[in-house]
Structures are given as structure tokens and as C-alpha cells.
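1. can you look at this prediction? I've put the sequence above it.
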Amino acid sequence: MERRKFLKSAGIVSAVALTGLPDLKATIRNEKKSETNKVRKPVVISTWNHGLAANEGAWKILSKGGTALDAVEKGVMVTEDDLSNLSVGLGGLPDREGKVTLDASIMDHNGKCGGVAFLQRIKHPVCVARMVMEKTPHVLLVGAGAQKFALENGFQLESEKLTPAAEKAYKEWLKKSEYHPKANIENHDTIGMVALDAAGNLSGSCTTSGLAYKMHGRVGDSPIIGAGMYVDNEIGAACATGVGETVLRICGSFLVVELMRQGLSPTNACKKAIERLITKSPNIKDVQVGFLAINKNGEHGSYAIQKGFNYALADESGNQLFDSDYHVR
């Protein structure tokens, strides 16, 4: 061992003697690069603490050699099934007219994608989004057309009655009918998920009931490919959570992936995207947006506007929750 260390040191010293200090720096850079090129897979990451349960669903697929596409669908279905969740699925808080409307999208490693928006009374919008991707020539179906497509493909209409928790919150909101969402409480809880499978392929999904007490008909970033979620199998994948209007203005998830293409780490790509978003949305006092990203090496990163964004990561070492770094101090 000591002899190997000596020979390695001697080689570096020889490089300096022959060609100068710049080559020493290049040698060190190459050593660091080779270390970071170790691919970490499979791995799945998802937004917020409800991502822990979603990751468990996804990991059942990934740990058995399944595809990232199946994992990101099955993973977020766990959250859609949770009727106690006030921001995803049919248990979500309603719009101003008391209606729960759902948005979702999914994208695979080949660039195929599908989405649904303003979908009502269907339990798993992410599954309908996948059917749009696989069974139609389209990318996005909305409203009554999306519902009709779902029913034609075996889905059933669920009750339009609000859950007790959502109904109680809605009745309380109606007393003043003021629309002032609080950061990290009413304007963020989309679940976005991106995964890298054992074969080295990436996929992503996103599903939400949207902003609480939004205008009837409002659609956010979640079902829009390139805004709420984006996948490029050569580079990486990203997803967003928070106030969708601000994410839409900068094509946020696409921007994060393109910044990774330019060589930025997932964390720095998310940070730069947040900085870009802030320049386009200067009034950010009560606005939360978080980006989450993974690259082809399985490295992950996140960044948010405000303190309070967290995300879950599952790999062979377990399933853990992390606090994201953020801009506003």
C-alpha cells in the first residue's frame, strides 16, 4: 500500500517537473472526475414528505429490476390513493366552486410523454396520462375530453363529494373567500417524482389537485411537459413543485435539465433555475417553488425559493427525507 502511494506521488511530481503545475491540476481534476462518474442506480427521488410513501411504491419496482417508467407511475399512485392528502388526488382541496380538478403528466426515457388537465372524478390521473402517452397520438387531454377518454379505457367515475377534511377547509375558506395562499401550506404540495433504473434509463411523473381555491378551470405546471416535469435520457430529469404559474413562465423543469446539459450539477442547475424564476417573478414573499433533479450518474439535487421544501430519496441504502437548500434567508 505504501509503495503504491509512493509511486502515485512520484508520478504526480514527475508531471509537475516535466510540464508544470497546470498538468498537476489536470491530473487532480481527472481523478475527481473519475470518482464522480460512478453511477448510482437505481434511485428515485420525489417531492415533499409524502414522497417517502411514494418512494416505497416506486422502490418495489426498481429493486426488482423494473423500469423507471413503471416506478414513477406506481410511486405517485400511492399519493393519489391517500385521501388524507389535501393537495394530490381526489382528497385535494377544491377550487372556488368546490370542485376537485386534477392534473398529471408522465414521461419516459424515449421522450414519449402524456398528460391530463382539469380532470374530474377519476382516481388516478397519472394512469390516464400514461394511457394518453401510449394509446393516442397526443400529449395532453383536458376536461370532459380527458374524462371521456378515461371512462372509455376502463376507469370509473368516483364520487364528487369532498372528503370531510377538504369540505371543512372549504367551508372555512368561504367565510371570507380570500385568495392569499401561504407558502409551504396551500400552494405547493404537488408530488413530482423522477427515477433512474438499473438499466440506466430515466423517467418522471407529476400529479396534483392544484392550488387550493383556484379559479375553476385553472391549470398549473404539473401536466405541462417541460414545466412541471421533464426527462432527457442523455442528461437527466427534473420536476417542480409550488406555484405553477411561476414555473410555467420559465419552462422550469426543462431549464433545469438544459442547465445540467451545460455541465452544472443537479443542485446548481436547480439553484440557477430558481434565480431565473425570481427575476421573472419579483414578488416572491409568499411564493414557494422547489426544483428537484437527478442526472445520469444518479446524482441528485434540489433548490427552493423559501425555507421549508423537502424531498425523499430512496436507493439501496434506504429511504430518507432531506431538507432542500433555499434562496430567501
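-> Noted; the coordinates are in hand.

2. which residues in the stretch 1-150 of the chain form helices?
-> Secondary structure of the stretch 1-150 of the chain by DSSP state H, counting those that start in this stretch: the helices cover 2-19, 21-36, 51-62, 68-81, 125-135, 143-152.

3. let me redo that: the stretch 151-300 of the chain
-> 164-174, 244-248, 252-261, 266-280.

4. most tightly surrounded among those?
-> Stretch with highest mean neighbour count among the helices of the stretch 151-300 of the chain: helix 252-261 (a mean of 25; mean count of other Cβ atoms under 10 Å). Bear in mind the C-beta positions are built from the backbone N, C-alpha and C, glycine included.

5. re earlier: the helices of the stretch 151-300 of the chain: which one's closest to residue 141?
-> helix 244-248 (18.2 Å; Cβ to Cβ).

6. contacts for that closest one?
-> 190, 210-211, 219-222, 224, 227-228, 240, 252-253, 277, 280-281, 287, 289 (Cβ atoms under 8 Å, 6 or more residues apart in numbering).

7. in strands, which of those fall?
-> 240, 289 (DSSP state E).

8. remind me which residues of the stretch 101-250 of the chain are low pLDDT?
-> Applying pLDDT under 70 to the stretch 101-250 of the chain flags residues 180-188.

9. show me what contacts residue 159?
-> Residue 159 neighbours (Cβ under 8 Å, 6+ apart): residue 121.

10. measure it to residue 273 for me?
-> 39 Å (Cβ to Cβ, to the nearest Å).

11. with residue 167 instead?
-> Going from residue 167 to residue 273 by Cβ to Cβ gives 37 Å.

12. again with residue 261
-> Counting by Cβ to Cβ, the gap from residue 261 to residue 273 is 13 Å.

13. next one: residue 171
-> Separation of residue 171 from residue 273 (Cβ to Cβ) stands at 38 Å.

14. same check, this time on residue 322
-> For residue 322, the distance to residue 273 equals 18 Å [Cβ to Cβ].

15. and if you look at residue 207?
-> 21 Å.

16. look up the closest residue to residue 242, ignoring the ones flanking it.
-> Leaving aside its sequence neighbours, residue 242 sits nearest to residue 289 (Cβ to Cβ, 6 or more residues apart in numbering; 3.3 Å).

17. show me the contacts for the one you found.
-> Contact analysis of residue 289 by Cβ under 8 Å, 6+ apart lists 188, 240, 241, 242, 243, 246, 247, 252, 274, 277, 304, 305.

18. if we use 7 Å, what do you get?
-> Listed by Cβ atoms under 7 Å, 6 or more residues apart in numbering, the contact partners of residue 289 are 240, 242, 243, 246, 247, 274, 277, 304, 305.

19. show me how the chain divides into domains.
-> For the chain, automatic domain parsing gives the domain ranges 2-35, 40-323.

20. between the ones you listed, which one is nearest to residue 329?
-> Closest to residue 329 of the domains of the chain is domain 40-323 (Cβ to Cβ; 8.3 Å).

21. pLDDT (mean, whole number) over stretch 54-73?
-> Across stretch 54-73, pLDDT averages out at 98.

22. which other residues reach it?
-> 42, 44, 46, 74-79, 106, 108-109, 126-127, 130, 191, 193-198, 201-205, 312, 314, 319.

23. now stretch 208-218
-> In this structure, residues lying in contact with stretch 208-218 by Cβ under 7 Å, 6+ apart are 87-89, 92-93, 95-97, 99-103, 118, 173, 179, 181, 186-187, 190, 220, 222.

24. any idea how far the residue lying closest to residue 51 once chain neighbours are set aside lies from residue 98?
-> Using Cβ to Cβ, 6+ apart and skipping the chain neighbours, the partner closest in space to residue 51 is residue 312 (3.4 Å). In this view, residue 312 and residue 98 are 31 Å apart by Cβ to Cβ.

25. okay, those two: which has more neighbours?
-> Neighbours were counted for residue 312 and for residue 98 using other Cβ atoms under 10 Å; residue 312 has more, 25 against 16.

26. just the buried residues of the contacts of stretch 54-73.
-> Neighbour counting with 16 or more other Cβ atoms under 10 Å marks 42, 44, 46, 74-79, 106, 108-109, 126-127, 130, 191, 193-197, 201-205, 312, 314, 319 as buried within the contacts of stretch 54-73.

27. grab the nearest non-local neighbour of residue 54.
-> Leaving aside its sequence neighbours, residue 54 sits nearest to residue 75 (Cβ to Cβ, 6+ apart; 4.4 Å).

28. just checking, that neighbour touches residue 193?
-> Yes - taking Cβ atoms under 7 Å as the definition, residue 75 is a contact partner of residue 193 at 5.2 Å.

29. re earlier: which helix or strand contains the residue nearest to residue 51?
-> Using DSSP states H and E, residue 312 maps to strand 310-315.

30. pLDDT on that strand, on average?
-> Model confidence over strand 310-315 averages 97 on the pLDDT scale.
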